[in-house]
Every structure is written in C-alpha cells, then in structure tokens.
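Engineer: only the shape, not the letters, is given here:
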C-alpha cells in the first residue's frame, strides 16, 4: 500500500480529503499556562520548539529525516514572529535543506496543518512532517496601525489584538455567537453551566488518573535553547518555578457558576465560567508515510483517515463542526454512532452543547477527559492538542475511531478523522 489522497468538494457542503497509509507517530504538548501566568513570558517560537523537540523524541525518529515543518500560529506575539515556522524547524533539529511554512485557519489551524501534512506526504513531497501549533495569547500585542502615517497630538491610536481577536467585524463578537446558538437550540443557563462543570470534573478525573502525563512535556523555569551554530534562545518563565501541569483548570461548583454574570449579551447564557480559557501553549505531532513507518519499525499512535472543512453563518460560527463532521463521515461511509470518541473544541459551553444536540451525539463519547472550558484554548495549538488527546484516549479506552473538530471564528468548521493503531 502507498500513501494516497482523494480530494472531495461539494459547493453546498464544503471540501476535504480522504487518506490511505498516512500515520501520526506520536506527539507532545507543553502544559497550557493561564492568562499572564507561567508561560506568558515565553515566545510562541520557544514554546513550539519545546513541543516539537518532545514530539520528535517521543516518536523515536531522527530529526534529520524531517522533510517539512508546518506550523500554526495566530497571534504574532514576538518580534521575530515572521521567522516562527523556520525557527521552530531549525531549533527542533530539522535539516537545513528542509522547508517550513505557516498555516492559519484560526481555531482550526492545528487540524488544518495535519491535513496539509498528510496531503504533502500523499503527493510524494515528504515522508516525514513535523506539525506544530503554538500561541502565547498573553503576549498578543497592543498595536498601532496608523502611527507611521502620524496622529494628532495626544491622540495615538492603539488596539488590543487579544480583545479584537474575540470580535468578528463582519458579524458579532465570538461570545455572542454562542448566545445565539443557545437561543436557537433552546439551551438554558442551567444546562450550559452543567456542561461547564462536567468539563472541569472530567479533566480533574483524567488528571488524577495520570492521563495527561502521557501528552505533556514539563518546561523548566528558565533555560537556553541551542542548536548548532544558530544563536542561543534564552527564555524565563513568569515565576521561579517550572511548569508541568495545565494552569487554567479550577475547582468550582454549580452554585459558583450560577453567580457569574453574563459576558456578551444581556440574555446570556455565556459567562466567564462557560467560555474557553485564554491560555498559552504549544503542541506537536509527527506525521509520516506508511513506507517510512514500516522501514523504521515504528509503532504509530494512529492513522489520519480524512479531514473536511465547511462554512457557516458568521453569527452562529460555533455550529461549524456540524456540517464538517457530517460531510467527512458521509465521504467515509460512516454514521455519527460509528465513531468511538469525539474531541470537539469547547470554544463555549453553549456552542459545544449546540453541536452535540444538532448531531445527536452520545455525550459519553464527547470530550471524555474534559475540554477547553477546563484546559484552555491556545488558538494555533488547540487542533493538534485535540488530535493528540483523541488518539491517546482511543488507546486508553481500547477503541478504534475518533474525530477531532473545532468551530472557527468568521464562520467555519473543521473535522479530522483518526484511527488508532
């Protein structure tokens, strides 16, 4: 069998591809640091290097074999961000002659880069690809887009790019799209809070059972990232201690959640407790052809079976996973119930609950280790994290098929199907 791809397109539904003989060998992620927390002083490039080095080590492949590096990064959060994919590639140990590029599909970028990696392999342009998603959201800058052209005395114009990232200027702020879905699917405040509570509880149970130790690489309090003749990269965490666990999850109660005020609209139901956490972090996965896997005697986590993306109305962007998942499953000849585990990004509790209701999902298959309400949502890294978590969950639970999916600001959805090996 040879690696291959079959693209599909439906003008009314979306587009995507199905793959044969393409594997996800293994991956790792950094802990996800809370807003202005431990990782807030570390550039997304350095976080990406940490995750990529750990993924390479976990996969048991020589970095010299990497043909391409594909990186997702949404917020340009360091002065050298133009070089981010290339620097991650070089400092992770990829050969000088290998290439690196940046991809951006906002919240779906991590899954998009894995799909692109599979396409490159299927086209014969690579046998081994490093895929990495990274964002230090705490460092999203204040920016002036008009300073070069001048400004009136005492009236410089600056915008907060982190805040602006939450607003779709073609429609409504992101949180309003979740409130819109709550209204459309008749979701009560109590249901939404209960879903948020479940995310926190499931995360806490998985953490106590040691599940996340299998995907997280700790980050020391300070250090120097070196590689060959390239200039050393120094970093220091925001604090004296290193970080080995996610910082955003919290213990709460339904009573505490019920006291939180609405954030985006007077009617709600979205609060700070039912929105994904703003966090910093990176995740990486190694993607390879079947020929490469067999030649090196590797035992991969799973296969990439296919991926799909679809557009939806911007004012209900959170429903995006529904058409993407339906399109992908239809192309694979499968039904919703044929999938053993779903990892759907919890951009907002109301949004994820609306998706589950629209698809008639068995919630015992959905985000069984908690989701972004607990863990957080570092935009460029989330898709890789969802995929890695999905595969490791399939192995733990002795299941076969999984789907990772996310809604995307501006009105899109993306889904990636994997099969455990």
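Structural biologist: Looks like it came in fine. Quantities reported herein were computed from a predicted structural model and do not represent experimental measurements. Residues are numbered from 1 along each chain as shown.
Engineer: can you give me the helices for the stretch 301-421 of the chain?
Structural biologist: Secondary structure of the stretch 301-421 of the chain by DSSP state H, counting those that start in this stretch: the helices cover 321-332, 349-359, 372-375, 379-396.
Engineer: quick check: residue 39 touching residue 236?
Structural biologist: No - judged on CB atoms under 8 Å, residue 39 makes no contact with residue 236 at a distance of 10.8 Å. The C-beta positions use only the backbone N, C-alpha and C, and glycine is treated the same way.
Engineer: need the winner for burial among the helices of the stretch 301-421 of the chain.
Structural biologist: Per-stretch averages of neighbours, counted by mean count of other CB atoms under 10 Å, single out helix 372-375 among the helices of the stretch 301-421 of the chain, with a mean of 30.
Engineer: quick one, phi psi at the nearest residue to residue 331 once chain neighbours are set aside?
Structural biologist: In this structure, residue 331 finds its nearest non-sequential neighbour in residue 8, 5.4 Å apart by CB to CB, 6 or more residues apart in numbering. Dihedral pair for residue 8: phi -140, psi 150, per degrees, to the nearest 10.
Engineer: specify the beta-bridge partners of residue 8.
Structural biologist: In this structure, residue 8 bridges to residue 16 when assessed by DSSP bridges.
Engineer: and it, what is it in contact with?
Structural biologist: With contacts taken as CB atoms under 8 Å, 6 or more residues apart in numbering, residue 8 has the following neighbours: 15-18, 308, 331.
Engineer: residues in contact with the lengthiest helix in the chain?
Structural biologist: As assigned by DSSP state H, the longest helix anywhere in the chain is helix 189-208. Residues outside helix 189-208 that contact it (CB under 8 Å, 6+ apart) are 182, 212, 245-246, 249-254, 257-258, 268-271, 273-274, 346, 349-350, 352-353, 367-375.
Engineer: show me which of these are buried.
Structural biologist: Those of those that meet the buried threshold are 182, 212, 246, 249, 252, 257, 268-271, 273-274, 346, 349-350, 352-353, 367-375, by 16 or more other CB atoms under 10 Å.
Engineer: residues near residue 165, how many?
Structural biologist: By the measure other CB atoms under 10 Å, the count of residues near residue 165 is 17.
Engineer: how about residue 264, what does it touch?
Structural biologist: Residue 264 makes contact with 173, 175-176, 178-179, 270, according to CB under 8 Å, 6+ apart.
Engineer: just read off the phi/psi values of residue 20.
Structural biologist: Backbone geometry at residue 20, expressed as degrees, to the nearest 10, gives phi -130, psi 140.
Engineer: so what's it closest to, chain neighbours aside?
Structural biologist: Leaving aside its sequence neighbours, residue 20 sits nearest to residue 4 (CB to CB, 6+ apart; 4.6 Å).
Engineer: and the pLDDT for the one you found?
Structural biologist: Residue 4 is assigned a predicted lDDT (pLDDT) of 94.
Engineer: from what I see, it and residue 118 are in contact.
Structural biologist: No - with contacts defined as CB under 8 Å, residue 4 does not count as touching residue 118, sitting 10.1 Å away.
Engineer: for the stretch 151-300 of the chain, which spans come out with low pLDDT?
Structural biologist: Low-confidence segments of the stretch 151-300 of the chain, defined by pLDDT under 70: none present.
Engineer: how near is residue 386 to residue 55?
Structural biologist: As for residue 386, its distance to residue 55 is 15 Å (criterion: CB to CB, to the nearest Å).
Engineer: now residue 232
Structural biologist: For residue 232, the distance to residue 55 (CB to CB) stands at 22 Å.
Engineer: show me which of the two is the more surrounded one.
Structural biologist: Just comparing residue 232 and residue 55: by other CB under 10 Å the higher neighbour count belongs to residue 55, 28 against 10.
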